[in-house]
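*Asks:* 3D, please:
(one chain, ligands or ions: 1)
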Amino acid sequence: MDRTAAARDIVSASASRLCLDMRFLTRAVLSLSTDVEEGEGAPRCDGRTVVFRADTVLESFREDPNSVTRDLAHCVLHCVLGHTSPANTPETDLAEDMLVEYVLDCLDTPHTSVPGRDDRVFVCERLFGKAGAPAVDLLSAVVAETSRWQLDLHRRMFVRDDHSARSGTDDAAWRELSQQVMAEVEGFVRDDEGRTTALMQILRIRNRRRYDYRSFLRKFMTRRTTVRESQTEFDPIYYTYGLSHYGNLPLIDSLEQSDTAMVDEFVIAVDTSGSTMRGPVVRFLEEAFDVLRQTGVGRDSNLHVIQCDDQVRSDDVVRSEGDLRRLVKGFELKGGGNTDFRPVFDYVDRLIEEGGFRNLRGLMYFTDGQGTYPTRRPSYDVAFVFCDDRYREHEVPPWAMRIVVRTEDLMADAPGDSRDP
Ligand SMILES: [Zn+2]
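*Replies:* Numbers count the residues shown, from 1 in each chain. Predicted structure coming up:
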């Protein structure tokens, strides 16, 4: 039998063994075809076909019958995890290989296990720990800080395929397959002693919903949840109240506008303990102010910006572009200190009681981390906006909305660029 035909048999048997070992990967495995070319070299995959080299298949199969199945599993997982760039930096290539190999070492199935597992797991867990989460961007930054010889050593441990033939596009079919793998592992894999934990954690990062936070802002700030009593008559007391409390801005300036004249009030609370957040905070405030102006929520909308760490530090009312400029110019995030969300809610509740807020429509709390939440549901809409580049999980009370954004989402220019699948 010629060498290529023999290698083809090995590759095809490997695909069957892989499906047998990891049923949740079956659809992903079957959606890739395999091919064998003459000669030597690492397998390569363009998202449709995995191409093996006959001599290398025969030799590595002789040394370790699992190695070809392992190679195939490696290629399939790259596709499932959306690793599709043919032009990565060496650090990113290595980070992707480490993630894939770590998943396979954790799964440790009969036909994919290969020697050296303990060493690989040790290296991965040390570097994942430094990175904060098993995510390619965080991990490649950590890898970039290791020495040249360490990079070479790690490449020898983790590289199994040639990434240069990739298509460069993470197509919809693979994104869907990735969600399907996740659903299958979640629903059908039982009693696996934590073997799928790494896979699930990495898949959750891969399938993280990317929020279009601008559209969230629009929805949040235009939702009309309160049914208001219509002001049928001009009320001089109310009028004066508006003048005295809002400077030259009367709450009701004519009878024609009686149904929309109530000033819409929003609070954006900023957790000032996050010292690295200045850029994102300023950007978020600018966007929120833009939304207020553009959506016609009311030309008399007030935006309160409350700065707080473990106590309220300031409360500024932003009514104009100029107010916003002045505010962000002197904006200072102190860093350190604890985060406690409760003082803002106590403060706002007290203002409501005292009449300082007449029509508070919602409160958005912009924060980069954990804090103590109030136990009672407030009388207005609340959203926590987490600015988090480290893929942490954030729990909020059931009465609050939650969005998680990354710095790059906030700093990105293109509005209306919705990336939700
Ligand atoms: Zn690889």
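*Asks:* okay, strands next: where are they in the stretch 201-350 of the chain?
*Replies:* Secondary structure of the stretch 201-350 of the chain (DSSP state E, counting those that start in this stretch): strands located at 265-271, 302-308, 312-318.
*Asks:* dump the helix or strand residue 384 falls within to PDB, keeping only the CA atoms.
*Replies:* Element membership for residue 384 (DSSP states H and E) is strand 381-387. Backbone C-alpha positions of strand 381-387 (Å, rounded to 0.1, in the frame of the first residue of the first chain) are rendered in PDB as follows:
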ATOM      1  CA  ASP A 381     -34.400  51.800  37.000                       C
ATOM      2  CA  VAL A 382     -30.900  50.800  37.800                       C
ATOM      3  CA  ALA A 383     -28.200  49.500  35.500                       C
ATOM      4  CA  PHE A 384     -24.600  48.500  36.500                       C
ATOM      5  CA  VAL A 385     -22.100  49.100  33.700                       C
ATOM      6  CA  PHE A 386     -19.000  47.100  34.300                       C
ATOM      7  CA  CYS A 387     -15.900  48.200  32.500                       C
END
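*Asks:* which outside residues touch the following helix or strand past that strand?
*Replies:* Heading C-terminal from strand 381-387, the first helix or strand you meet, by DSSP H and E, is strand 401-405. By C-beta atoms under 8 Å, 6 or more residues apart in numbering, the residues outside strand 401-405 that reach it are 208, 211, 213, 216, 220, 280, 381-388, 394, 396. Heads up, the C-betas are built off the backbone N, CA and C, glycines and all.
*Asks:* pull the most distant pair out of those residues.
*Replies:* Across the contacts of strand 401-405, no pair lies farther apart than 208 and 381, at 24.1 Å, counting by C-beta to C-beta.
*Asks:* more crowded one of those two?
*Replies:* residue 381 (19 against 12; other C-beta atoms under 10 Å).
*Asks:* okay, now residue 157: neighbour count?
*Replies:* Residue 157 is flanked by 16 other residues according to other C-beta under 10 Å.
*Asks:* from residue 139, how far out is the closest residue to the ion within the stretch 251-400 of the chain?
*Replies:* Residue nearest to the ion within the stretch 251-400 of the chain (C-beta to the ion): residue 391, separated by 21.2 Å. According to C-beta to C-beta, to the nearest Å, residue 391 and residue 139 sit 11 Å apart.
*Asks:* looking at these two, which is more packed in?
*Replies:* Between residue 391 and residue 139, counted using other C-beta under 10 Å, residue 139 has the larger neighbour count: 25 against 19.
*Asks:* do you know how far that one is from residue 186?
*Replies:* Using C-beta to C-beta, residue 139 is found at 24 Å from residue 186.
*Asks:* same deal with residue 85?
*Replies:* 28 Å.
*Asks:* also residue 171?
*Replies:* According to C-beta to C-beta, residue 171 and residue 186 sit 23 Å apart.
*Asks:* list only those of the contacts of strand 401-405 flagged as buried.
*Replies:* 211, 213, 216, 220, 280, 381-388, 396 (16 or more other C-beta atoms under 10 Å).
*Asks:* restricting to the residues you listed, which residues neighbour the ion?
*Replies:* Here nothing survives when these are matched to the ion using C-beta under 5 Å from the ion.
*Asks:* so for those residues, which is the shakiest by pLDDT?
*Replies:* The lowest pLDDT within the buried ones among the contacts of strand 401-405 belongs to residue 211, with 65.
*Asks:* contacts for stretch 78-94?
*Replies:* With C-beta under 8 Å, 6+ apart as the criterion, stretch 78-94 contacts 25, 28, 32, 45, 47, 96, 99-100, 136, 140-141, 143-144, 151, 154-155, 158-159, 161, 163-170, 174-175, 177-178, 181, 202-203, 206.
*Asks:* one more time with 6 Å, if that's ok
*Replies:* Here stretch 78-94 makes contact (C-beta atoms under 6 Å, 6 or more residues apart in numbering) with 28, 47, 96, 100, 140, 143-144, 154-155, 163-164, 166, 168, 170, 174, 178, 181, 206.
*Asks:* just the buried ones out of these, please.
*Replies:* By neighbour count, with 16+ other C-beta under 10 Å, the contacts of stretch 78-94 hold 28, 47, 96, 100, 140, 143, 154, 163, 166, 170, 174, 178, 181, 206 as buried.
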